[in-house]
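Asks: Predicted model and sequence follow; I will ask about them next.
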Amino acid sequence: MPDAQSPIWHPFTQHAVAPPPTLIARGEGARLITPDGRRIIDAIASWWVTLHGHGHPRIAAAIADQAATLEQVIFAGFTHAPAETLARRLLARAPKGLAVAFLSDSGSTAVEVAVKMAVGFWHHRGERRTRIVALEDGYHGDTFGAMACGERGLFTEPYWPMLFEVERLPFPRAGAEQATIEAFTELLRQNGGTVAALIVEPLVLGAGGMRMYPPWVLKALADLCRQHGVLLIADEVMTGFGRTGTFFACEQAGVAPDLMCLSKGLTGGFLPMGVTLATKAIYDAFYTVDRAKMFFHSSSYTGNPIACAAALASLDIWQDEPVFAHIEAIAAQHRKRLEGLHARPEVVETRQTGTIAAIELCVPAAGYFAELGPRLYRFFLERDVLLRPLGNVVYVLPPYCITRDELNAVYDAISEALTLVSV
Ligand SMILES: Cc1ncc(COP(=O)(O)O)c(C=O)c1O
């Protein structure tokens, strides 16, 4: 049994060493509330999903209404108003050229769908382009296709023999961005005709350590894709819905991808849902009277009406409430507080894109590195702050409703935690 009190096997949890999980009874704004009244600040938006706050009444009400009207219907041969409206509204906000929406249930499935669409596109056009190019340190999910696109590491090691080969471009480190562009140029020069798609997390690599790169690099990579007819998959599962300061990160680079993957903040963080947006050209490659060329992909809950209603309510909040003002306030507060941390000897680097802030800590030894993350996690939780460092990177990615005082409390905890880091 994972734990004497519970039969649950939790994700990303080594039960042999992890303390028992914290029981949460309620959520309210940026707070997670325990049965005995502890009010924990959710500084990572519960794995980057919560946008407007836990328990936002408008989304809760939309879910209740939809559940009482139509909770689920098979999405092949049937459709419904929440899905139709959601697809139209998402496409209206998405970069130009994206024309259709395929619904699924998570970020990983949104990526699986995008990769299958890209490879299927070339297959149906009679071209043998099957190779995928990705960025070093990228993360795209935990299903097999998504794992294959992500960086090979400890997390995926047992499955390496089963993952398809992916070409990797070096991460565009500050000052060495040109090396990434040159590597892609060279790869395309030698083998461009075999490449189906480039998949990237635009501007910020999330699970790879909140590593950030500038919009001009994304633009240069997108331009190379265009020149060589390679499809561009923008995995905006983490960066979408305002995280980087714009509604989608691609906007900052003026880039129009061929496929875009969305999830996480899509429903405001209330329900699991994925969407893959695609161009008409991709749709058209599957559009023929030949039934063998249909897109063979589905899952039981595809297009779930309740998830669609939550996503629509979240988009309404974007429309009616000053969400961008909250985002700007968070970004400004990050800037100010990062300045204070930047000079500390325990800090190697601070970085920020929009509402995402990261503090990279000094790591004197590898063993120390392994221990530091869990120690910091416990330290923060004792102060009623939820932060989950990625190795030696502490990052803050809060719900947009977080108050100034709450965000200051998060930074005060981080500042205090630096005493755990030996330099
Ligand atoms: C960029 C990116 N893509 C895909 C995923 C996978 O999403 P999910 O966990 O919903 O399957 C994640 C999750 O963290 C992600 O950050």
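Replies: Yep, that arrived.
Asks: Over in the chain, which residue gets nearest the ligand? Let me know.
Replies: Ranked by C-beta to the nearest ligand atom, the top residue of the chain for proximity to the ligand is residue 107, at 2.1 Å. Bear in mind the C-beta positions are built from the backbone N, C-alpha and C, glycine included.
Asks: unless I'm mixing things up, that residue is touching residue 266, no?
Replies: No: with contacts counted by C-beta atoms under 8 Å, residue 107 stays clear of residue 266, the gap being 9.2 Å.
Asks: Between the two, which contacts overlap?
Replies: Common neighbours of residue 107 and residue 266, using C-beta atoms under 8 Å, 6 or more residues apart in numbering, are residue 274.
Asks: Is residue 128 within a helix or a strand, and which one?
Replies: Here residue 128 is covered by no helix or strand, with elements defined by DSSP states H and E.
Asks: Can you name the residues that contact it?
Replies: Applying C-beta under 8 Å, 6+ apart to residue 128 gives the contacts 122, 194.
Asks: Mind doing that once more with 10 Å?
Replies: By C-beta atoms under 10 Å, 6 or more residues apart in numbering, residue 128 lies in contact with 122, 193, 194, 196.
Asks: related to what we said a few turns ago, what about the residue of the chain closest to the ligand, neighbour count?
Replies: 30 (other C-beta atoms under 10 Å).
Asks: Against residue 325, how distant is the closest residue to residue 188 other than its chain neighbours?
Replies: Leaving out its chain neighbours, the residue that sits closest to residue 188 by C-beta to C-beta, 6 or more residues apart in numbering is residue 228, at 4.6 Å. Between residue 228 and residue 325 the distance is 41 Å, computed by C-beta to C-beta, to the nearest Å.
Asks: who has more neighbours, these two?
Replies: Higher neighbour count among residue 228 and residue 325: residue 228, with 17 against 10, using other C-beta under 10 Å.
Asks: List the contacts of that one.
Replies: 184, 185, 187, 188, 189, 191, 192, 193, 195, 198.
Asks: shaky segments in the protein?
Replies: By pLDDT under 70, the weakly predicted segments of the chain are 1-4, 365-370, 423.
Asks: Show me how it divides into domains.
Replies: Domain assignment of the chain by automatic domain parsing yields the ranges 59-319, 323-420.
Asks: With respect to burial, which of the ones you listed scores highest?
Replies: The highest average neighbour count among the domains of the chain, using mean count of other C-beta atoms under 10 Å, belongs to domain 59-319 at a mean of 19.
Asks: How about the secondary structure of the residue positioned nearest the centre of the chain?
Replies: Most central in the chain under C-alpha atoms, centre = their mean is residue 238, positioned 1.9 Å from the mean C-alpha point. Following DSSP: H, G, I helix; E, B strand; the rest coil, we place residue 238 in the coil state.
Asks: filter the contacts of residue 228 down to the ones close to the ligand.
Replies: Checked against the ligand using C-beta under 6 Å from any ligand atom, the contacts of residue 228 give no members in range.
Asks: what would these look like in a markdown table with distance to residue 28 and secondary structure?
Replies: Shown next, in a markdown table, are the contacts of residue 228 (distance: C-beta to C-beta, whole Å; DSSP: H, G, I helix; E, B strand; the rest coil):
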| residue | distance to residue 28 | secondary structure |
| --- | --- | --- |
| 184 | 46 | helix |
| 185 | 51 | helix |
| 187 | 49 | helix |
| 188 | 50 | helix |
| 189 | 55 | helix |
| 191 | 53 | helix |
| 192 | 52 | helix |
| 193 | 55 | helix |
| 195 | 48 | strand |
| 198 | 41 | strand |
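Asks: Distance check, residue 152 against residue 393.
Replies: According to C-beta to C-beta, residue 152 and residue 393 sit 19 Å apart.
Asks: now do residue 362
Replies: Residue 362 sits 12 Å away from residue 393, going by C-beta to C-beta.
Asks: Mind listing the shared neighbours of these two?
Replies: Residues touching both residue 362 and residue 393 (C-beta under 10 Å, 6+ apart): residue 348.
Asks: So what sits opposite the residue lying closest to residue 187 once chain neighbours are set aside in the bridge?
Replies: Closest residue in space to residue 187, ignoring its immediate chain neighbours: residue 167 at 6.0 Å, by C-beta to C-beta, 6+ apart. For residue 167, the beta-bridge assignment (DSSP bridges) gives partners residue 133.
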